[in-house]
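>>> This is the structure alone, sequence omitted:
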Ligand SMILES: Cc1cc2nc3c(=O)[nH]c(=O)nc-3n(C[C@H](O)[C@H](O)[C@H](O)COP(=O)(O)OP(=O)(O)OC[C@H]3O[C@@H](n4cnc5c(N)ncnc54)[C@H](O)[C@@H]3O)c2cc1C
């Protein structure tokens, strides 16, 4: 498939970022928890704020399409890939600090589950719900990730963003329109670089035990041995997606290598070398069966790239 981004632009962009890791035609299947997805034109792994600002202003100046890749645990990328620059944060974006009042300042690339455990071990309560969520803090903030009665909106005070062509700005939580698995950052051309959170005092032993318990529950109830993106669909108001899918008789149904998990009907899993096309076909099948039987349209929670209108 021909590249939409001129190779000259890609080379010039890379030359401006001597400290960055640059991977041309990098397969996104290696970076998504579904283990599917074709190549992006260029993946930039950036460790410093000035590199990010330089990369974004070049993309802005030359109208190059880009997106942020967190830990790829909520992404379904087309088999043909995307004609875009994928920006991945590392280095300074993986640092975090907890002060003596429970104010956590952490880079967007910090893994959510590791941060939750570190905070619990230090006696800070509030992030235990992140146990077993395989995303990054940046992805978690954008998606308002949540589980077991908790969500990012409960702890986030403010986020630092880079919005080309501007330099970084802090935005308060009240301005992020957090709702169920939603924030107003989701479709904005913006990069979350740091997140500030407010936690409260707790007993480290109790907090760590809670995290262990939530992880155990996940291993019992979720098909974690197979590639997936977690719950595929959002919870429709007043219902549970998994219950509707199960009632529609779809548990275990397969298309190609994609399957509605026989363990948890809310998960679509890559059961056997699935293509993104198999997963998308299964998504459409589930949507249409559930709609026909219950009149409810299931909306994907998973972000699909390239973006397409919902069915
Ligand atoms: C086994 C499993 C269990 C899961 N359980 C849960 C759960 O209990 N609750 C839950 O909410 N989710 C769950 N998820 C989904 C996923 O882990 C979360 O949505 C997570 O927050 C996504 O983070 P990520 O870094 O992987 O983002 P990605 O998948 O890489 O990206 C998701 C979206 O966020 C954007 N993005 C990522 N980082 C940034 C950034 N720094 N700045 C701007 N945009 C960014 C991307 O462009 C994309 O649009 C699960 C997934 C799996 C595989």
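That came through fine. This structure is a prediction, so every number in the text was calculated from the model and none was measured.
>>> Residue 104 should be in a strand, yeah?
Yes: judged by DSSP: H, G, I helix; E, B strand; the rest coil, residue 104 forms part of a strand.
>>> Can you classify the spatially closest residue to it that is not a sequence neighbour as helix, strand or coil?
Nearest residue to residue 104 in three dimensions, chain neighbours excluded: residue 197, at 4.4 Å (C-beta to C-beta, 6 or more residues apart in numbering). No exception for glycine: its C-beta is placed from N, CA and C like everyone else's. The three-state assignment at residue 197 reads strand, by three-state DSSP.
>>> Use 235 as the first number from now on
From this message on, residue numbering opens at 235, which makes the last subject residue 431.
>>> I figured residue 431 hits residue 391, correct?
Yes: the pair residue 431 and residue 391 passes the contact test of C-beta atoms under 8 Å, sitting 6.2 Å apart.
>>> distance of residue 520 from the ligand?
Note on residue 520: its distance to the ligand, by C-beta to the nearest ligand atom, to the nearest Å, is 17 Å.
>>> Show me where the stretch 335-484 of the chain dips below the pLDDT cut-off.
Low-confidence segments of the stretch 335-484 of the chain (pLDDT under 70): none present.
>>> Any idea how far apart the tips of stretch 394-410 sit?
12 Å (C-alpha to C-alpha, to the nearest Å).
>>> Just list the residues touching the residue nearest to residue 338, thanks.
Contact analysis of residue 431 by C-beta atoms under 8 Å, 6 or more residues apart in numbering lists 337, 338, 340, 360, 361, 389, 390, 391.
>>> For those residues, which PyMOL command selects only the ones that are buried?
Only the buried entries of the contacts of residue 431 go into this PyMOL selection, using 16 or more other C-beta atoms under 10 Å:
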select buried, resi 338+340+360+361+389+390
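>>> Near residue 483, how many other residues are there?
Residues lying near residue 483 (other C-beta atoms under 10 Å) number 11.
>>> Is it correct that it falls within a strand?
No: per three-state DSSP, residue 483 lies outside any strand segment and is coil.
>>> Roughly how far does the closest residue to the ligand within the stretch 385-534 of the chain sit from residue 419?
In the stretch 385-534 of the chain, the residue that lies nearest the ligand is residue 464 (2.4 Å; C-beta to the nearest ligand atom). Between residue 464 and residue 419 the distance is 19 Å, computed by C-beta to C-beta, to the nearest Å.
>>> and the closest residue to residue 357 other than its chain neighbours, what does it touch?
Nearest non-adjacent residue to residue 357, counting by C-beta to C-beta, 6+ apart: residue 438, 4.5 Å away. Contacts for residue 438 (C-beta under 8 Å, 6+ apart) come out as 354, 355, 356, 357.
>>> tell me which of those is nearest to the ligand?
residue 354 (16.9 Å).
>>> and the closest one, how many neighbours does it have?
Counted with other C-beta under 10 Å, residue 354 comes out at 27.
>>> Now it: which helix or strand?
Using DSSP states H and E, the element containing residue 354 is helix 346-355.
>>> give me every residue that touches residue 291.
398, 399.
>>> Just say helix, strand or coil for it.
Three-state call for residue 291 (three-state DSSP): helix.
>>> Which one (most neighbours) among the contacts of residue 438?
Going by other C-beta under 10 Å, residue 354 tops those with 27 neighbours.
>>> separation between that residue and residue 312?
Noted for residue 354: a distance of 38 Å to residue 312, by C-beta to C-beta.
>>> now the helices for the stretch 335-484 of the chain?
Remark: helices assigned in the stretch 335-484 of the chain by DSSP state H, counting those that start in this stretch are 346-355, 371-377, 438-455, 475-481.
>>> Give me the buried positions along stretch 409-425.
By 16+ other C-beta under 10 Å, the buried positions in stretch 409-425 come out as 410, 412, 415, 416, 417, 419, 424, 425.
>>> Same check on stretch 509-525?
Using 16+ other C-beta under 10 Å as the test for burial, stretch 509-525 gives 509, 510, 512, 513, 514, 516, 517, 520, 521, 523, 524.
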